[in-house]
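Trainee: using only what follows, build the 3D model:
(2 chains)
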2 protein chains.
Amino acid sequence: MIVALAGGVGAARFLEGLINVVPPERVTVIVNTGDDIELYGLYISPDLDIIMYTIAGIVDRIKGWGIENDTFNCLDMLRTYGLETWFLLGDRDMATHIYRTFLLRQGLRLSEVVRILSKALGIKTTIIPMTDDRVQTMILTDSGVLHFEEYLVKRKARDRVRGVLYKGIEDARPAPGVIDAIMNADGIIICPSNPVVSIGTILSIKGIREALRKARAKIVGISPIVGGAPIKGPADKLMRGLGIEVSAYGVAVLYRDFLDYFIIDERDSHLIDRIESLGIKVFVTNTIMRSLEDKVRLARLAVSIIGLSRM
Amino acid sequence: MIVALAGGVGAARFLEGLINVVPPERVTVIVNTGDDIELYGLYISPDLDIIMYTIAGIVDRIKGWGIENDTFNCLDMLRTYGLETWFLLGDRDMATHIYRTFLLRQGLRLSEVVRILSKALGIKTTIIPMTDDRVQTMILTDSGVLHFEEYLVKRKARDRVRGVLYKGIEDARPAPGVIDAIMNADGIIICPSNPVVSIGTILSIKGIREALRKARAKIVGISPIVGGAPIKGPADKLMRGLGIEVSAYGVAVLYRDFLDYFIIDERDSHLIDRIESLGIKVFVTNTIMRSLEDKVRLARLAVSIIGLSRM
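Mentor: Residues are numbered from 1 along each chain as shown, chains lettered A, B, ... in the order given. Next comes the predicted model:
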């Protein structure tokens, strides 16, 4: 079994390649839920949905999130009712939020809900939220403390970042199966996701970082930072705000206590020595994933590095 | 102030005429909520929405319910998740259910929610649910006890009706403003709605029937039964199931203790004597509402009967 730690779009792109390289049912994805947010009484899990839609093959490939060919009439009507509609929820997408909220209100845990939704979408890969407890990634900015989605989507990441707070993290336990999956994995992949608010949040859950340190499997990461900037998203602003060097090296430092291998982009080959001085073996390739071939190639490299090429 | 008791489509058509005859802000509509149903955790009020959408001018005029030019992508996705989707909820319509459910969960009463939604839609007419308490119209059939919408929409009114039960009616009180509106009305109109499961449900709320009997205003009804059959809906099956004659006379009998005037269709002029023997004065006209002109003409007649033509 391969275990992947994942955030949103970047991770989803990589995972699309991964399930083309190894059988999808041999992959377990542990997903960040720190971006989860309630809007209009609906429980929304942005990263879980991106991963789920992508693996199910129904994601909007242009945007990287939401469902393909979706309409936005419900949201338009919510706007007519005078509500804020900065978080773009499509009509098909809305069904996910309605059904998830319905199941959660019936007392099901988020991990059980994800299992039900995944099964209905024909997903063979195991998707587990990092926790069934509520954790909210809050961004401390000059304009006050903002929910991550409010910082990113509503305010378009324009506020100066002063810090990051994982609200509720002290009481959050890993969801059932998370620690077991890590401890029993044949290989572990840290997807090219935001190291602060995606992977960083997962790592902050009690017991997960320790499990990665103790896991017998080899752990390979893919740098989300290429040439000093993230492929997508506000990782640079967040890293800078926390005083972290915005580079593949900066990311490697964050993972140094458990990472065995790190895949960085060709443009960052000048960082090899610095990263390897952390005790992490570096592999260099083109990490930009445009086509399915790009994704498959990158996934194949990651899988071969952790010695599972013939799984 | 004119007060109208209303169910769904038939009432909505009449009310569209009424607000063209008298200023919309001079009309108060008391609406049946016995058809309200929870689906996927969303609180749905079919009659309230039909009335609201019609008065707001956004109703789907062909169907008589839902919002014009709506799509059904959310429902389609709920079907993908394996849920029953016999109750057709459009994407724009879904926004109403999401927002209403959100407000109800915050502790607002249904009547407060209706006020908020109406205001956002620019409605000047006062719309009040018959009660803020939960009443469910249940149909006793050979196939068991069914929620009215299940009987009507899911099973297409094909089950033999044995009886009707207003679940929760004992504890239901009229919503704030209902009794006041009736007692202080200048004229009262019983819309051409189902006399059993629309008007009948409203009349079963403690205090409403008594208020109609005591009201100083004249009360005029419009028969929903024309030539022995309803214009729309299952009124004939329900009336027959309860042993009520399926005719304008049968409806008049149900309202005899408070009705002053009854407007019946030309095709039913042979019923005049029988209805008038109940102490109800009958007016005969073409009651079929196809065009706005039809609606306005019928509304004008009703208004003139209760002596409010110059309001």
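
Trainee: just the strands in chain A please.
Mentor: With DSSP state E as the criterion, chain A has strands at A:2-6, A:27-31, A:37-39, A:42-44, A:126-129, A:136-141, A:144-147, A:161-167, A:187-190, A:218-222, A:225-226, A:229-230, A:261-265, A:281-285.

Trainee: report the inter-axis angle for the second one versus strand A:2-6.
Mentor: When axes from the mean of the first three to the mean of the last three CA atoms, to 10 degrees is applied, the directions of strand A:27-31 and strand A:2-6 differ by 20 degrees.

Trainee: re earlier: mean pLDDT lowest where, among the strands of chain A?
Mentor: Per-segment mean pLDDT for the strands of chain A reaches its minimum on strand A:229-230, at a mean of 90.

Trainee: what residues does it touch?
Mentor: With contacts defined as CB atoms under 8 Å, 6 or more residues apart in numbering or on different chains, strand A:229-230 is touched by A:194, A:224, A:236, A:246. Where C-beta positions appear, they are placed from N, C-alpha and C, glycine not excepted.

Trainee: rank those residues by pLDDT and give me only the lowest.
Mentor: Ranking these by pLDDT, residue A:236 lands last with 93.

Trainee: one step back: chain B: which of the contacts of strand A:229-230 is nearest?
Mentor: Closest approach to chain B among these (CB to the nearest CB): residue A:194, at 27.9 Å.

Trainee: skip the chain neighbours and tell me the closest residue to that closest one.
Mentor: Spatial nearest neighbour of residue A:194, excluding adjacent residues (CB to CB, 6 or more residues apart in numbering or on different chains): residue A:235 at 4.6 Å.

Trainee: what's the local residue count around the one you found?
Mentor: 27 (other CB atoms under 10 Å in any protein chain shown).

Trainee: just to check, it is in contact with residue A:228?
Mentor: No: look at residue A:235 against residue A:228 with CB atoms under 8 Å: they stay out of range, at 10.9 Å.

Trainee: what residues do these two have in common as contacts?
Mentor: Shared contacts of residue A:235 and residue A:228 (CB under 8 Å, 6+ apart): residue A:246.

Trainee: how far is the helix or strand of chain A with the lowest mean pLDDT from where the chain is centred?
Mentor: Least confident helix or strand of chain A, by mean pLDDT, DSSP states H and E, is strand A:229-230 with a mean of 90. Distance of strand A:229-230 from its chain centroid, counting by CA atoms, centre = their mean, to the nearest Å, is 16 Å.

Trainee: skipping its backbone neighbours, what lies nearest residue A:250 in space?
Mentor: Nearest to residue A:250 is residue A:244, by CB to CB, 6+ apart, at 4.7 Å.

Trainee: quick check: residues of chain A near chain B?
Mentor: Residues of chain A found near chain B (CB under 8 Å from any CB of the partner chain) are A:40-42, A:67, A:70-71, A:73-78, A:80-83, A:90-96, A:98-99, A:101-102, A:105, A:117, A:120-121.

Trainee: give me the buried subset of those residues.
Mentor: A:40-42, A:67, A:70-71, A:73-75, A:77-78, A:80-81, A:83, A:90-96, A:98-99, A:101-102, A:117, A:120-121 (16 or more other CB atoms under 10 Å in any protein chain shown).

Trainee: for the stretch 51-200 of chain A, what spans make up the helices?
Mentor: A:73-80, A:91-105, A:110-120, A:148-149, A:178-183, A:199-204 (DSSP state H, counting those that start in this stretch).

Trainee: show me which positions of the fifth one end up buried.
Mentor: In terms of neighbour count (16+ other CB under 10 Å), helix A:178-183 has its buried residues at A:178-179, A:181-182.

Trainee: same question for the last one.
Mentor: With burial defined by 16+ other CB under 10 Å, the residues of helix A:199-204 counted as buried are A:199-204.

Trainee: and it, average pLDDT?
Mentor: For helix A:199-204, the mean per-residue pLDDT is 98.

Trainee: contacts for it?
Mentor: A:5, A:7, A:30-34, A:130, A:135, A:137, A:164, A:166, A:169, A:190-191, A:193-194, A:208-209, A:212, A:254-255.

Trainee: cool, and the longest one?
Mentor: With CB under 8 Å, 6+ apart as the contact definition, helix A:91-105 has outside contacts at A:41-45, A:49, A:52, A:66-67, A:70-75, A:89, A:110, A:112-113, A:116-117, B:40-42, B:71, B:73-78, B:80-81, B:83, B:91, B:94, B:98.

Trainee: OK, contacts around the residue lying closest to residue A:269 once chain neighbours are set aside?
Mentor: Closest residue to residue A:269 apart from its sequence neighbours, by CB to CB, 6+ apart: residue A:284 at 5.1 Å. Residue A:284 sits next to A:263-266, A:268-269, A:272 when contact means CB under 8 Å, 6+ apart.

Trainee: who wins on neighbours among those?
Mentor: Most neighbours among the contacts of residue A:284, by other CB under 10 Å: residue A:264, with 26 neighbours.

Trainee: that residue and residue A:275 touch, don't they?
Mentor: Yes: counting by CB under 8 Å, residue A:264 sits close enough to residue A:275 to count as a contact (7.0 Å).

Trainee: and for those two, which residues touch both?
Mentor: A:248, A:282.

Trainee: what pLDDT is listed against the nearest residue to residue A:95 once chain neighbours are set aside?
Mentor: Nearest residue to residue A:95, sequence neighbours excluded (CB to CB, 6+ apart): residue B:77, at 3.4 Å. Looking at residue B:77, its pLDDT is 98.

Trainee: pLDDT below threshold where in chain A?
Mentor: Scanning chain A for pLDDT under 70 picks out the ranges A:308-311.

Trainee: figure out how far stretch A:108-118 is from the centre of its chain.
Mentor: With CA atoms, centre = their mean, you get 17 Å for stretch A:108-118.

Trainee: do stretch A:3-20 as well
Mentor: Distance of stretch A:3-20 from its chain centroid, counting by CA atoms, centre = their mean, is 8 Å.

Trainee: ditto for stretch A:155-162
Mentor: 20 Å.

Trainee: what do you get for stretch A:139-155?
Mentor: With CA atoms, centre = their mean, you get 19 Å for stretch A:139-155.
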